[in-house]
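1. Dropping the sequence and predicted coords here.
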Amino acid sequence: MIIKKSIFLLAGVLALSSCSNNDNDDSTNIGPTGPPVETGTANTTYKPAFSGQTRAGSIQTTTEIESKVITNGLSAPWGVAYLPDGRLLVTEKAGKIKIVTQAGVISNALTGVPAVNPADQGGLLGICLDPAFATNRMIYWAFSEVVAGGNITAVAKGRISDNDTAIENATVIYRSNTPNNSTLHYGGRVLFDKTGNLFVSIGERSVLETRPLAQAANSSLGKIVRITTNGQAAPGNPVFSQTGALPELYTIGHRNPQGLALHPTTGELWQSEHGPRGGDEINRITAGANYGWPTITYGIEYSGAKVGEGIQQQTGMEQPVYYWDPVVSPSGMTFYAGNRVPEWQNNLFIGALSGMHIVRLAFKDNKVAGEERLLAGEGQRFRDITQGKDEALYAVTDQGRLYKIDKKQK
């Protein structure tokens, strides 16, 4: 049953169609831009490396959009995936996987899920379907696990039973290699690449003793790794020169990466990352690259002190495509690849936690050309967002809601 319905008409501006059709252009209908949507005072006086790297001009959706709450009966949902029959597969932080129908009916928790450590930022985290799910019913998920020496980010797989009540043969296929007692910064998104291998985002666990390990290639903390469905290093991974470098590493130098998405046209991997006090990032991911944390950042310590030497650029370290100061706390994200809202094509949609809205970013030549804030009046911490085969967007919030966002039905 739909328990809430709201309609929002976002602006009356005309969309432009004069952008280049070059494959490197991510958006084709950006439209006019206004003042930046962010008006808050920045935490720092740091300067961006290039124009448009932060506080891009505002854009407004011209299509009439309808958002509705499918259910508000979930308990701290963290990940959402769209099933072939239109139902939604949702993880709950406490360690449960549930199925939700389009009418808002929530199943019992599927049995057979390995135990998680739900303390603080841990729990049952991101989830994705096997590309061959229609025939093999396999799913993959990330979670925080207690092991000797502390807590880790782990990845498991299993088969949804034919009667949709259990996870069969659940198996942990990958464990990060540096346990710590911290219960923060697990990362926790999982995503299939175009070759049938998995990307996994892993945080650096927040504490000062583990923070430098984001730069250490012999640790999986603060990394994006790329593994096979059996948990081994995927073929074709980059080789890092540091002694003892892990073969599963894809990129290094991340803080707390909670969003992964593949661009629908280029196939490139993009990522969202929580900064400290300021410095939340969107990154275009290149195999073998170093994204800088904690050496460079556009944020500061929560105390107000500089992070390290307080620098934002260094040779050999990548610049974020975009950053926010103050933060919005970007989490799960997806590119829009539908036709129902043409002006959204190839735009990036990101759940914002502290920002309490859904970010829409439009791109030109791999730079942000405009930013919009959707559902900002809902008062929700948006944790994850995905697109269904019906071309609607589906988002879950920490407060337990599942939203459907689509072109208004006439």
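-> Looks like it came in fine.
2. what about Glu391, distance to Ile65?
-> In this view, Glu391 and Ile65 are 12 Å apart by Cβ to Cβ, to the nearest Å. C-beta coordinates here come from the backbone N, C-alpha and C atoms, glycine included.
3. Residues that sit against both of these two, list them.
-> Both Glu391 and Ile65 are contacted by Val341, Asp406, under the criterion Cβ atoms under 8 Å, 6 or more residues apart in numbering.
4. quick one: which of these two has more around it?
-> Counting neighbours by other Cβ atoms under 10 Å for Glu391 and for Ile65 shows that Ile65 has the greater number, 21 against 15.
5. SS state for the more buried one?
-> Secondary structure assignment for Ile65 (DSSP: H, G, I helix; E, B strand; the rest coil): strand.
6. what about it, distance to Asn230?
-> 42 Å.
7. roughly how far out does stretch 359-378 sit from the chain middle?
-> Distance of stretch 359-378 from its chain centroid, counting by Cα atoms, centre = their mean, to the nearest Å, is 15 Å.
8. Quote the end-to-end distance of it.
-> 14 Å (Cα to Cα, to the nearest Å).
9. ditto for stretch 322-342
-> 23 Å.
10. list the buried ones in that stretch?
-> 322-336, 338, 341 (16 or more other Cβ atoms under 10 Å).
11. now swap in stretch 190-199 and tell me
-> Residues Val190, Leu191, Phe192, Asp193, Asn197, Leu198, Phe199 are the ones in stretch 190-199 that count as buried (16+ other Cβ under 10 Å).
12. The last one against Asp193, yeah?
-> Right, the one you point to is Phe199. Yes. In this structure, Phe199 is within contact of Asp193 by Cβ atoms under 8 Å, at 6.0 Å.
13. count of residues packed around Gly253?
-> Gly253, neighbours per other Cβ under 10 Å, totals 24.
14. mind checking the backbone torsions on it?
-> According to degrees, to the nearest 10, the main-chain angles of Gly253 amount to phi 80, psi 40.
15. quick one, what contacts it?
-> Ala214, Gln215, Gly222, Asn290, Tyr291, Gly292, Trp293, Thr295, Met317, Glu318.
16. next one: Asn169
-> Gly158, Arg159.
17. where does this protein dip in pLDDT?
-> Residue ranges of the chain with pLDDT under 70: 1-29.
18. Identify the spatial nearest neighbour of the residue positioned nearest the centre of the chain, chain neighbours not counted.
-> Closest to where the C-alpha atoms of the chain average out (Cα atoms, centre = their mean) is Gly259, at 1.5 Å. Counting by Cβ to Cβ, 6 or more residues apart in numbering, the nearest residue to Gly259 once its immediate chain neighbours are dropped is Ser272, at 3.2 Å.
19. what's the host helix or strand of Phe363 packed up against?
-> Phe363 is part of strand 357-364 when elements are defined by DSSP states H and E. Judged by 3 or more Cβ pairs under 8 Å, 6 or more residues apart in numbering; DSSP states H and E, strand 357-364 is in contact with strand 348-352, strand 367-374, strand 382-387.
20. Strand partners (parallel or antiparallel) of the first one?
-> Looking at strand 348-352 with DSSP bridges, its paired strands and their directions are strand 330-335 (antiparallel), strand 357-364 (antiparallel).
21. can you list contacts of it?
-> Counting by Cβ under 8 Å, 6+ apart, 26, 259, 261, 270, 272, 282, 328-336, 358-361, 363, 373-374, 381-385, 393, 395-397 sit against strand 348-352.
22. Give the buried residues for it.
-> By 16+ other Cβ under 10 Å, the buried positions in strand 348-352 come out as Leu348, Phe349, Ile350, Gly351, Ala352.
23. got JSON lines for the residues you listed, with distance to Lys306 too?
-> Output for the buried residues of strand 348-352, formatted as JSON lines (distance: Cβ to Cβ, whole Å):
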{"residue": "Leu348", "distance to Lys306": "30"}
{"residue": "Phe349", "distance to Lys306": "33"}
{"residue": "Ile350", "distance to Lys306": "27"}
{"residue": "Gly351", "distance to Lys306": "29"}
{"residue": "Ala352", "distance to Lys306": "25"}
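24. out of those, who's nearest Gly304?
-> Checking these against Gly304 by Cβ to Cβ gives Ala352 as the nearest, at 23.1 Å.
25. In contact with Tyr394, which residues?
-> By Cβ under 8 Å, 6+ apart, the residues touching Tyr394 are Ile70, Val80, Tyr82, Leu88, Ile385, Thr386, Gln387, Gly388, Leu402, Tyr403, Lys404, Ile405.
26. Report the beta-bridge partners for it.
-> According to DSSP bridges, the residues that bridge with Tyr394 are Thr386, Lys404.
27. ok, Lys194 to Arg137 distance?
-> 21 Å.
28. One more: Thr195?
-> For Thr195, the distance to Arg137 - Cβ to Cβ - is 21 Å.
29. try Lys408
-> As judged by Cβ to Cβ, Lys408 and Arg137 stand 34 Å apart.
30. likewise Thr71?
-> Thr71 is 23 Å from Arg137, by Cβ to Cβ.
31. Those two: who's more crowded?
-> More neighbours surround Thr71 than the other of Thr71 and Arg137, with 23 against 18 (other Cβ under 10 Å).
32. and the residue nearest to that one when sequence neighbours are not counted, how many neighbours?
-> Of all residues not flanking Thr71 in the chain, Gly104 sits nearest, at 3.9 Å (Cβ to Cβ, 6+ apart). For Gly104, the neighbour count with other Cβ under 10 Å is 17.
33. Same question for Gly149.
-> Gly149, neighbours per other Cβ under 10 Å, totals 10.
34. so Ile70 touches Gln102, yeah?
-> Yes. With contact defined as Cβ under 8 Å, Ile70 counts as touching Gln102 (6.7 Å).
35. what residues are shared contacts of the two?
-> In contact with both Ile70 and Gln102: Lys404, using Cβ under 8 Å, 6+ apart.
36. who has more neighbours, those two?
-> Ile70 (24 against 17).
37. The more buried one in helix, strand or coil?
-> What three-state DSSP gives for Ile70 is strand.
38. Pull the most distant pair out of the contacts of Tyr394.
-> Among those, Ile70 and Gln387 lie farthest apart (Cβ to Cβ), at 15.0 Å.
39. quick one on the thing from earlier: and the furthest pair within the buried residues of strand 348-352?
-> Once Cβ to Cβ is applied, the buried residues of strand 348-352 give Leu348 and Ala352 as the farthest pair, at 12.2 Å.
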